[in-house]
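1. A structural model of the following input is requested.
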Amino acid sequence: MSALRTVAVFLILSGAFAHGTQSDAKPQFEVASVKPSAPGSPARRLGLTFAPGGRLTIVNYTLKELIELAWEIQPFRISGGPAWIDSIRYGVSAKADHDIEWKEATLMLQSLLMDRFQLTIHHEAKDVPIYALVLAKKDGKLGPGLIESKEGGCTRADSSAVQPEPGKPPRPQCDLLAVGFSRLKGTSVPLGEVALAFGNIVGRMVVDKTGLTGNFDIDLAWTPDDSQYMQLPPGVPKPPPSDAAPVSIFTAIQEQLGLKLESQKGPVDVLVIDRAEKPSEN
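-> Below is the predicted model of the structure:
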């Protein structure tokens, strides 16, 4: 799976704070190992073998990043915990006693973190700064990078086996949103998913308040700022500077999409870490 597609999948998955806290019974891995990463470990990596037998491999993740994966939650929606949860990196190797898919793997990872890190959490609603995604122009005109999807312009997942017409390229897959370091592209996606992707980029909850329904094709390019460079995994070099004039994500959204991010306050579900202990050797 490419890095671009991995990010796309994660953004689609990470929208819902759907899993419960430690009060819920959760499935567990049959065997698992959690160890601190050695100095000079390779860049962060995530792998899941669905079948035969479920195997989860995680390399060079902090506990906070593991929590993001397990609860499918954005980092800015995690609060509390000791300082080391964002600095010490760990490797996880775990195996289930049956074939598993991603959703069950996240529940098993929750159980593992609660056991090995003595992790206790709760979630609560907090009134915090957010961004509202709204129309930039009074006439509602959209920019060239945001076009309402046409019926039949993409291929649904349940019809992906359909072959393209001879001599014509295959149609793009519907409901797919891919985010690179400085570009976001999507085919037939609702703006709620786009708002979620923007939240991951700007580090704040983004709520779709455009009033636009239906699905859209989107193509957005911007210049990353320092806050995005800080999100690079260990060992991943900073991309070389571009010759093009820098364009912030906020300016790009307004000029290319005809939308804008408006600063507001609103309630956000936050996962609060009550306790976390460094795991013993295992």
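2. Spell out the residue ranges of the helices in the stretch 51-200 of the chain.
-> Secondary structure of the stretch 51-200 of the chain (DSSP state H, counting those that start in this stretch): helices at 63-71, 102-116, 191-202.
3. Format those as JSON lines; extra columns: mean pLDDT.
-> Formatted as JSON lines, these follow (pLDDT from 0 to 100):
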{"stretch": "helix 63-71", "mean pLDDT": "96"}
{"stretch": "helix 102-116", "mean pLDDT": "95"}
{"stretch": "helix 191-202", "mean pLDDT": "94"}
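4. so which of these comes closest to Arg275?
-> helix 102-116 (10.0 Å; C-beta to C-beta). Where C-beta positions appear, they are placed from N, C-alpha and C, glycine not excepted.
5. just for the stretch 1-150 of the chain, where's the confidence low?
-> Within the stretch 1-150 of the chain, the stretches with pLDDT under 70 are 1-24, 51.
6. measure Ala221 to Leu177 for me?
-> 15 Å (C-beta to C-beta, to the nearest Å).
7. Report the residue ranges of every domain in this protein.
-> Domain ranges of the chain: 3-127+269-275, 128-268, per automatic domain parsing.
8. one step back: in terms of packing, which of Ala221 and Leu177 has more residues around it?
-> Set Ala221 next to Leu177 and count neighbours by other C-beta atoms under 10 Å: Leu177 wins out with 21 against 16.
9. what's the burial count for the residue nearest to that one when sequence neighbours are not counted?
-> Excluding its sequence neighbours, the residue lying closest to Leu177 (C-beta to C-beta, 6 or more residues apart in numbering) is Gly186, at 4.0 Å. Gly186: 27 surrounding residues under other C-beta under 10 Å.
10. confidence score at Gly186?
-> pLDDT recorded at Gly186 is 93.
11. Check Lys260 too.
-> For Lys260, the model assigns a pLDDT of 97.
12. Now do the SS call for it.
-> Three-state assignment for Lys260 (DSSP: H, G, I helix; E, B strand; the rest coil): strand.
13. Pull up the gap between it and Val134, please.
-> Applying C-beta to C-beta to Lys260 and Val134 gives a distance of 6 Å.
14. can you check Pro52 too?
-> 49 Å.
15. Have a look at these two and say which one is more surrounded.
-> With neighbours defined as other C-beta under 10 Å, Pro52 and Val134 compare such that Val134 has more, 15 against 8.
16. Which residue, other than its chain neighbours, is closest to Ile100?
-> Ile100 sits nearest to Gly54 (C-beta to C-beta, 6+ apart), 3.3 Å away.
17. what residues are up against that neighbour?
-> Contact analysis of Gly54 by C-beta atoms under 8 Å, 6 or more residues apart in numbering lists 48, 95-96, 98-100, 104-105, 108.
18. ok, which stretches of the stretch 51-200 of the chain are strands?
-> Applying DSSP state E, counting those that start in this stretch to the stretch 51-200 of the chain gives strands spanning 55-62, 78-80, 89-95, 120-135, 146-148, 176-179, 183-189.
19. Now tabulate these in JSON lines and tack on distance to Glu277.
-> Shown next, in JSON lines, are the strands of the stretch 51-200 of the chain (distance: least, C-beta to C-beta, whole Å):
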{"stretch": "strand 55-62", "distance to Glu277": "15"}
{"stretch": "strand 78-80", "distance to Glu277": "14"}
{"stretch": "strand 89-95", "distance to Glu277": "13"}
{"stretch": "strand 120-135", "distance to Glu277": "10"}
{"stretch": "strand 146-148", "distance to Glu277": "47"}
{"stretch": "strand 176-179", "distance to Glu277": "34"}
{"stretch": "strand 183-189", "distance to Glu277": "38"}
